[in-house]
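*Asks:* what would the 3D arrangement of this be:
(chains A and B)
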Number of protein chains: 2
Amino acid sequence: MKLYDATSAPNPRRVRIFIAEKGIDVVLEQVNMFAGEHKTPEFLGKNPSGKIPVLELDNGTCIAESVAICRYLEAVHPEPNLMGATAEELGLIEAAGRQLEFELLGPIGAAWRNGPVVAGLLPDLEQIPAAKLQGEAAARVFYRRLNDLLSRDEFLAADRFTIVDITALCVIDFATNLVELRPDDDLSSLWRWHAAVTARPSASA
Amino acid sequence: MKLYDATSAPNPRRVRIFIAEKGIDVVLEQVNMFAGEHKTPEFLGKNPSGKIPVLELDNGTCIAESVAICRYLEAVHPEPNLMGATAEELGLIEAAGRQLEFELLGPIGAAWRNGPVVAGLLPDLEQIPAAKLQGEAAARVFYRRLNDLLSRDEFLAADRFTIVDITALCVIDFATNLVELRPDDDLSSLWRWHAAVTARPSASA
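*Replies:* So this is what the prediction gives:
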């Protein structure tokens, strides 16, 4: 198996951490997004959305989308379970992950897309300053919701480390390092959790 | 099991069709969104995101998010399979579904949120006209991608009817009926597929 990867991007990191937690052997191949390698005809043949990561199986099948890649890997390498061991866990973990994506990753993505880094990289892209502000505000609201949850629970779903913690770690680190959207210092439960998941060996994958 | 539902909204319809295809008995309870019933403290206890649908299990556990609800139902009622019968299918169906959500449902949602119907319903909401235009343009691009795919394949994933077809049907009907974003008439493969999935008994669920 080969993972089309880009070290600096948040979504491939989600899959790298997932792979590290599972202990799976996967070849990493870097895609230079700054050179547009994810938009070439060859790469669009692997993923018509022109995004990374993509997992290429040994039979040539290509699976796009971080969570879909993880779903495949969970099926072929079930242990340790990261996406749900029972029907109820499967539902609750996916629900938590999706709310994190739609209500935190989405707004942070909007702040990024309409912010100064992307303006420098893609000067012809139409940016919407109001969408940046809406994204920032929504992200701040969701950080507080995560903090409230983590003041009661050790992890974000199912009382154990799951794919939801991986997603949240990658999203928050991206927001902190590249979008100037670091969670406030007073969100102490969020930072307690952040230190714990960052201390796992997989976090540096 | 009880599904918190709203007949006119696209996401609960996704779950109703899924349930109809499976032949599962689920009690439907209407949530009056126009009266704000999805934002009451009681409902936020079931889903802190304040969104429908929500599936309430007989033990009181509440599962939010359409696809997460379907994932639970698929686990407890595996037949007919709608989300993938092998590891590879699980990955490919989820990838197709996610690209549809991020690259079509998301833009259509932006057009809706920043459009005239929502302006009438929520006059205090800050709208961004440029985001409406971006959403409309992105949706039109994705419609053509779907049409190209459906000129080669009968269904959207795995060579058979799956959850991806359900999502696409609900999204396109919502866009047509409530967002003035009907796919163009010349997308003949898309409309061939649309007629076929609309003819299934589940489509009227």
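*Asks:* hmm, A:G50 and A:A64 touching each other?
*Replies:* No - contact status for A:A64 versus A:G50: not in contact, 9.6 Å apart, counting by CB atoms under 8 Å. All C-beta spots, glycine's among them, are computed from the backbone N, C-alpha and C.
*Asks:* what strand or helix carries A:I63?
*Replies:* Of the helices and strands defined by DSSP states H and E, A:I63 is found in strand A:62-64.
*Asks:* give me the mean pLDDT for the helix or strand that comes right after that strand.
*Replies:* On the C-terminal side of strand A:62-64, the nearest following helix or strand under DSSP H and E is helix A:66-76. Per-residue pLDDT over helix A:66-76 has a mean of 98.
*Asks:* other SSEs contacting whichever helix or strand comes after helix A:66-76?
*Replies:* Next along the chain after helix A:66-76, taking DSSP H and E as the criterion, comes helix A:87-100. Under the contact criterion of 3 or more CB pairs under 8 Å, 6 or more residues apart in numbering or on different chains; DSSP states H and E, helix A:87-100 touches helix A:163-178, strand B:62-64, helix B:66-76.
*Asks:* in helix A:87-100, what's buried?
*Replies:* Neighbour-count burial for helix A:87-100 flags A:87-100 (criterion: 16 or more other CB atoms under 10 Å in any protein chain shown).
*Asks:* what's in contact with the lowest-mean-pLDDT helix or strand in chain A?
*Replies:* Every helix and strand in chain A was compared by mean pLDDT, DSSP states H and E; the lowest is helix A:116-121, with a mean of 91. Helix A:116-121 has contacts (CB atoms under 8 Å, 6 or more residues apart in numbering or on different chains) with A:34, A:112, A:125, A:127, A:178-179.
*Asks:* again with stretch A:147-154
*Replies:* Stretch A:147-154 has contacts (CB under 8 Å, 6+ apart) with A:156, A:159, A:183, A:187-190, A:192-193, A:196.
*Asks:* what parts of chain A come near chain B?
*Replies:* When proximity is defined as CB under 8 Å from any CB of the partner chain, chain A approaches chain B at A:48-49, A:55, A:57, A:61, A:63-65, A:67-69, A:71-72, A:75-76, A:86-88, A:90-92, A:94-95, A:98-99, A:103, A:106, A:126, A:128, A:130-131, A:134, A:145.
*Asks:* quick one, longest helix in chain A?
*Replies:* helix A:129-152 (DSSP state H).
*Asks:* between it and helix A:87-100, how big is the angle?
*Replies:* In terms of direction (axes from the mean of the first three to the mean of the last three CA atoms, to 10 degrees), helix A:129-152 departs from helix A:87-100 by 140 degrees.
*Asks:* follow-up on the earlier one: so which of the helices and strands packed on helix A:87-100 comes closest to B:A203?
*Replies:* With CB to CB as the criterion, B:A203 lies closest to helix B:66-76 of the helices and strands packed on helix A:87-100, at 16.0 Å.
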